[in-house]
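Peer 1: Need coordinates for the following:
(one chain, ligands or ions: 1)
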Amino acid sequence: MHEFHYRNNRLYCENIRVEDLAKRFGTPLYLYSYRTLINHFLKLEQAFKSVNPLICYSVKANSNLAILRALVDKGAGLDIVSGGELYRALKAGCSPKKIVYASVGKTEREIEEAIKKGILFFNVESLPELESINRIARRLSRPANVAIRINPDVEPKTHKYITTGKITDKFGIDLKSARQILLMRRAFPNINILGLHIHIGSQITESAPYVAAIKKVALFISSLKKEGINIRYFNIGGGLGIIYDKETPQTAIKFAEKVLPLLKKTGLKIIMEPGRFIVGNSGILVTKVLYIKSILKKKFVIVDSGMNDLIRPALYNAYHSIVPLQANRQTGKPEGSGLPSDRQSHKQVNEKVDIVGPICESGDFFAKDRLLSKVKEGDYLAIMGSGAYGFSMSSNYNSRRRVEEVMVFQNKTFVIRKRESCEDLIRNESIPRFLLGC
Ligand code: LLP
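Peer 2: Numbers count the residues shown, from 1 in each chain. Reported below is the predicted structural model:
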């Protein structure tokens, strides 16, 4: 459940009318509900209370400092994948002891920095990376903590671009090689192998793939124990799916019911790395209709936001619910009826349209052949479920300025990132003197 709802046919974010914010801050605009964000974190924490896990929010989903700070304040750790994310995590006030660091391509510089800051551990994705960490740790005379990322070879049943736990994916280390590494651990005297890690994919709606992966790793853990190899942490990654369309994802509680018995048996400290589950439905992208363009067999609703702001539809053909800020009065929808859905507006006066942005690419669309209640130029639309992998994957393509981000808490608003200026666009560029005729 999230805190975007209609009251008197107007979309609200917590206690604030979204249209007022669109007018005040301009569009496109990313809008986040603080309460939704925190509620999702707490839901997971509550569901797994019996093992008291360290929940390391996955920074890549939405790396705004305010989002990170809000979660860190509630006790979250952070899952990072780059030196830039380490910088953000520390700026947001996260204790290094609550930071875990994945990525198949960590550079020497990034490894060095993370060791110096004293992060909890690296999730190591290959033998050469382990060797590199060992070398750098020796040079710094500081032992480095790691977990081995296992590739459990399971099918998570999600989009192929976000599948990460099959043996043909670039991520993690197969069980056999992981065993060899653990057996030869004394060859890495500057490394403490503290745990095992899995992350099998993203937007996973069922628990079966997790159960399969966790079972494999749990067996592995007990076979290691027999060989006298004891580890302390089991990081089960992120990937929990959310509702964008017709999905019926497992709830936190259902997920916990399935995996907790397996996790408890391992006796290890549990770490989780959810991103989307926490932030996905706590954000929307607000955009304004610029033009309605009708051609022979099509109608385009051209909006002022584009694939540079939210690339998920273009990249994964992802579905995002799109609703008007002002609902059609004929819906007779009760006040505060919860989740606005374009399926509901389907019953209204509606038409089939493509909702597209201004970018010079035909892939620049938010929806194709979508039934949308009739809108006109100047109307506002909300692209729902844009909190995760929305702003964090945005770009300046077509020299468009990255948009403003605003957080709402009850009836208060906070700008958490200013809209970029044209000056920002060219900030790090320079014209060589020879081109200036000097
Ligand atoms: N841990 C690791 C090691 C990851 O690679 C990821 C996401 C997560 C945790 C968090 O996954 P989540 O709980 O958010 O599913 N851009 C794509 C999603 C890419 C996910 C990449 N890794 C999208 O927009 O659907």
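Peer 1: interface residues of the protein facing the ligand?
Peer 2: By C-beta under 6 Å from any ligand atom, the part of the chain that sits against the ligand consists of 58, 60-61, 79, 102, 162, 199, 202-203, 237-240, 273-277, 312, 316, 388-389. Using the backbone N, CA and C atoms, a C-beta is placed for each residue, glycine as well.
Peer 1: could you redo the last one with a cut-off of 8 Å?
Peer 2: Residues of the chain lying close to the ligand (C-beta under 8 Å from any ligand atom) are 58, 60-61, 79, 81, 102-103, 123, 149, 159, 161-162, 164, 171, 197, 199, 201-204, 237-241, 273-278, 280, 311-312, 315-316, 318, 388-389, 393.
Peer 1: just to confirm, which helix or strand has Tyr32 in it?
Peer 2: Assigned by DSSP states H and E, Tyr32 belongs to strand 29-33.
Peer 1: Which strands or helices does the longest helix that the chain contains pack on?
Peer 2: The helix that spans the most residues within the chain, counting by DSSP state H, is helix 208-226. Here helix 208-226 touches helix 175-183, strand 191-197, helix 252-266, going by 3 or more C-beta pairs under 8 Å, 6 or more residues apart in numbering; DSSP states H and E.
Peer 1: I'd like to check the angle between that helix and helix 252-266, please.
Peer 2: Put simply, helix 208-226 runs at 10 degrees to helix 252-266, going by axes from the mean of the first three to the mean of the last three C-alpha atoms, to 10 degrees.
Peer 1: And the protein, split by domain according to the record?
Peer 2: 4-32+280-425, 34-276 (automatic domain parsing).
Peer 1: how about JSON lines for those, with mean pLDDT added?
Peer 2: Below are the domains of the chain laid out as JSON lines (pLDDT from 0 to 100):
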{"stretch": "domain 4-32+280-425", "mean pLDDT": "91"}
{"stretch": "domain 34-276", "mean pLDDT": "96"}
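Peer 1: With mean neighbour count and distance to Leu435 as new columns, can those domains be given to me in CSV?
Peer 2: Output for those, formatted as CSV (neighbours: other C-beta atoms under 10 Å; distance: least, C-beta to C-beta, whole Å):
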stretch, mean neighbour count, distance to Leu435
domain 4-32+280-425, 18, 19
domain 34-276, 19, 30
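Peer 1: can you redo those domains as a markdown table with distance to Cys438?
Peer 2: Below are the domains of the chain laid out as a markdown table (distance: least, C-beta to C-beta, whole Å):
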| stretch | distance to Cys438 |
| --- | --- |
| domain 4-32+280-425 | 23 |
| domain 34-276 | 34 |
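Peer 1: quick revisit: pull the residues that contact the strand holding Tyr32.
Peer 2: 2-4, 13-14, 18, 21-22, 67, 279, 282-287, 309, 386-387, 390-391, 403-408, 416 (C-beta atoms under 8 Å, 6 or more residues apart in numbering).
Peer 1: elements contacting the next helix or strand after that strand?
Peer 2: Per DSSP H and E, the first helix or strand lying C-terminal to strand 29-33 is helix 34-47. In terms of contacts (3+ C-beta pairs under 8 Å, 6+ apart), helix 34-47 is packed against strand 54-58, helix 65-73, helix 252-266, helix 276-279, strand 404-409.
Peer 1: check contacts around the residue in the stretch 301-438 of the chain that the ligand sits nearest to.
Peer 2: Of all residues in the stretch 301-438 of the chain, Tyr389 sits closest to the ligand, with a separation of 3.1 Å (C-beta to the nearest ligand atom). Contacts for Tyr389 (C-beta under 8 Å, 6+ apart) come out as 60-62, 275-276, 312.
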